[in-house]
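**Q** Please work out how this folds:
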Amino acid sequence: EITKQMMMRNGAEKLFKATTNKKLRETVALELSFLNSNLQLLKEQLAELNSSVQIYQSENQSQVVPMIPLGLKETKDIDFKEPFKDFIMEHYSEDSSIYDSAIQEFMDVRQAARTPTRDQAGVQLLFEYYNLLYFVDRRFFPPNRSMGIFFEWFDSLTGVPSTQKTVAFEKASVLFNIAALYTQIGAKQDRGKSTGIDSAVDSFLRAAGMFCYIRENFSKPPSMDLSAETLEVLTHVMLAQARECLFEKLILGNVEKQGVMTCIEVGQEAAEVAEVYAQVHKLISMPPVKDYVPYSWISLILVKAEHYRALAHYYVAVGLLEHSGDLDETLRRSLEFLHVQDQSNSTCIDIRVPQTLEERRQLGKAHLREALLLHEEALRLHRMCRQLRQVDNLLGRLRADHDAALQRYADLEEEDDFQ
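**A** Reported below is the predicted structural model:
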């Protein structure tokens, strides 16, 4: 439908330029406006479908923060038989009929690669086709001659078609689909188990590596999803998601009962995840990527940055409040570096290393208060995005962590009232 609308728009634009009839130009201008509106609506609908963070998530996760997967680029069927046979007869002076089965096998592999399975078998199939392209490029696509073969691929988000005669475009598109498959495999892992988290980390890192490879080895892409700016953002998104998975592995056990040092280390890791997502948000909010990627992605990344900042404060608070006894030297040094002073040489509360039980309670309570504020900000950002409001497991996770911090804060307030 998008292709049809674009063809109609191109025809209307040519007619508008060619005619000098004023009334006809007004009619064509109105039609162009209508076609542009239709095209924009179709692009937005397709982008919303392709950017859904629910499709590839694990079915066993009711309260796990969703990951961002990518949809695959689609392509049209190509008949290589006649161009290849003509080239064999002309260039190699051989009977081309003896290569019919080999050409058909290559076409069958490409046809299968258009709809790979969403697992490792699909990844292997795409790699098989990519490796075949290396030999086909060397034997059938000389740099000084056009084979009359056009590779047409559709943008993975907007569906806008792009066409090139070079095999490099075909290679880059196949590699993009390999990376996209890895994002889907990573997103659907059961991250409630250590093995599932390990698989997710591996998949997201492979996707990041593939996006980085495409950016470094393929220039002048015809589509936005293969542009250097988009690929850089996708690389950092996948690295951030891998880091997030590693944090999830840290909190699989009952971290809150493992001592103040463990809680502080987990809090520091949560702060690092938040910082990584904050940097990704800066990157994805810059043009031209900002106007290309779905708004739900930008919102989800910002929600995650606030959410993990809240968890950082929460775990430090839990460690301080659950600890009984004196602070050893290692713990004192950790707290000293944890609560650095700002440029005005002051902190929110004038306690960096608590010396007494009461100071420890005050510092823990301050962290809990900050965690609550950040959790509420994450929930507010979630409400602001229509697509994210439909993701129930995300809302469940945000509310559960908010309620946990709120309960601890309420318990502290109640204890203070009795003292």
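**Q** Got the domain ranges for the chain?
**A** Using automatic domain parsing, the domain parsing of the chain gives 2-43, 253-419.
**Q** Give me whichever of those is most buried.
**A** Mean neighbour count (mean count of other CB atoms under 10 Å) peaks for domain 253-419 among the domains of the chain, with a mean of 17. Yep, even glycine has a C-beta here, placed from its N, CA and C like the rest.
**Q** Can you flag the weakest of the domains of the chain by average pLDDT?
**A** Lowest mean pLDDT of the domains of the chain: domain 2-43, a mean of 72.
**Q** can you give me the offset of that domain from its chain's centre?
**A** 35 Å (CA atoms, centre = their mean, to the nearest Å).
**Q** just stretch 153-168 next, same as before
**A** The answer for stretch 153-168 is 20 Å, by CA atoms, centre = their mean.
**Q** ditto for stretch 210-220
**A** Stretch 210-220 sits 17 Å away from the centroid of its parent chain (CA atoms, centre = their mean).
**Q** So what's the residue count around Gln120?
**A** Here the number of neighbours of Gln120 (other CB atoms under 10 Å) works out to 12.
**Q** what sits against it?
**A** By CB atoms under 8 Å, 6 or more residues apart in numbering, the contact list for Gln120 reads Ile185.
**Q** how much space between it and Tyr182?
**A** Computed as CB to CB, to the nearest Å, the Gln120 to Tyr182 distance reads 10 Å.
**Q** and Ser156, helix, strand or coil?
**A** Here Ser156 is coil, with the state taken from DSSP: H, G, I helix; E, B strand; the rest coil.
**Q** how about the helices in the stretch 51-200 of the chain?
**A** Counting by DSSP state H, counting those that start in this stretch, the stretch 51-200 of the chain has helices at residues 81-87, 100-113, 120-140, 167-187, 194-217.
**Q** buried stuff in the longest one?
**A** By neighbour count, with 16 or more other CB atoms under 10 Å as the criterion, the buried positions of helix 194-217 are 196-197, 199-208, 210-215.
**Q** likewise the third one?
**A** Of the residues in helix 120-140, those buried under the neighbour-count criterion (16+ other CB under 10 Å) are Gly122, Val123, Leu125, Leu126, Tyr129, Tyr130, Leu132, Leu133, Val136, Phe140.
**Q** How many residues are close by the closest residue in space to the second one that isn't next to it in sequence?
**A** Right, the one you point to is Val123. Once flanking residues are discounted, Val123 sits nearest to Leu181: 5.4 Å by CB to CB, 6 or more residues apart in numbering. Residues within reach of Leu181, counting by other CB under 10 Å, total 26.
**Q** same thing with the one 10 residues further on?
**A** The number of residues packed around Arg191, counting by other CB under 10 Å, is 26.
**Q** How much space separates it from Cys245?
**A** For Arg191 relative to Cys245 (CB to CB), the value is 6 Å.
**Q** Identify the contacts common to these two.
**A** Joint contacts of Arg191 and Cys245 (CB under 8 Å, 6+ apart) are Ile197, Ala200.
**Q** got a list of what Leu205 touches?
**A** By CB under 8 Å, 6+ apart, the residues touching Leu205 are Met238, Leu239, Ala242.
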